[in-house]
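Visitor: Provided below are the primary sequence and the corresponding predicted coordinates.
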Amino acid sequence: MANVAIPYVSGRGHTRRLAEVIAAALGEGGCDARLIDVENMGQIDWQALDEADAIVMGAPTYMGSAAAGFKAFMDQTGEIWANQGWADKIAAGFTVATFPGGDKLNTLIQLSIFAAQHGMVWVGQDQIGAPANKANPGINESGVWLGLGATSSRDKTLMVEPGDLETARRFGLRIARVLRRWRV
């Protein structure tokens, strides 16, 4: 069983909601997933990251980039980077913003470059939604391929629209398939 760490930061709960859906899908796919709130980390969380076969990173997009709390986490990994301690792990990322475009791609670029600097292997999105695939209404509505890009819902009981939650579920299943294919 592959171990997956999901470090995230969530200002108002939207990113955490996506992390929970991805974790559940990873579980469906035969993986053991652990959520890590990077603003409340302890030594056991750093150990979980070091032992993980995959690291799936989540940060809301604020002002065109990853939220400051996630950037602080990234900056704390300098020694891990210097030793390439996360090299060859599978990596993926997800973000959420207020607007459908919302500069989410910039956050995913930031996360993927971070993963590349650590020598990790990046997994992107594979879901084609409507209008290109009319059988998938609501799926990958932002048209983001580098990772998962979701839009926050105006209905705060939902946090994230159902289509984006389903896209998150499918993204988690994709990551599980990648881990099986790499025989992790």
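Guide: The structure has been received and is ready for your questions. Numbers count the residues shown, from 1 in each chain.
Visitor: Hmm, Ala66 is touching Ala72, no?
Guide: No: in this structure, Ala66 is not within contact of Ala72 by C-beta atoms under 8 Å, at 10.0 Å. All C-beta spots, glycine's among them, are computed from the backbone N, C-alpha and C.
Visitor: Compare the two (neighbour count), which wins?
Guide: Neighbour tally, Ala66 and Ala72, criterion other C-beta atoms under 10 Å: the higher count belongs to Ala66, 27 against 13.
Visitor: Could you check the pLDDT of that one?
Guide: With respect to pLDDT, Ala66 scores 96.
Visitor: Kindly state the beta-bridge partners for it.
Guide: Per DSSP bridges, the residues bridged to Ala66 are Thr61.
Visitor: wait, what's in contact with it?
Guide: Ala66 sits next to Val9, Ala59, Pro60, Met74, Thr95, Thr107, Gln110, Leu111 when contact means C-beta atoms under 8 Å, 6 or more residues apart in numbering.
Visitor: Check Asp155 too.
Guide: Contact criterion C-beta under 8 Å, 6+ apart gives no residues in contact with Asp155.
Visitor: What average pLDDT does the top helix by length along the chain get?
Guide: Determined from DSSP state H, the single longest helix within the chain is helix 162-181. Helix 162-181 comes out with an average pLDDT of 97.
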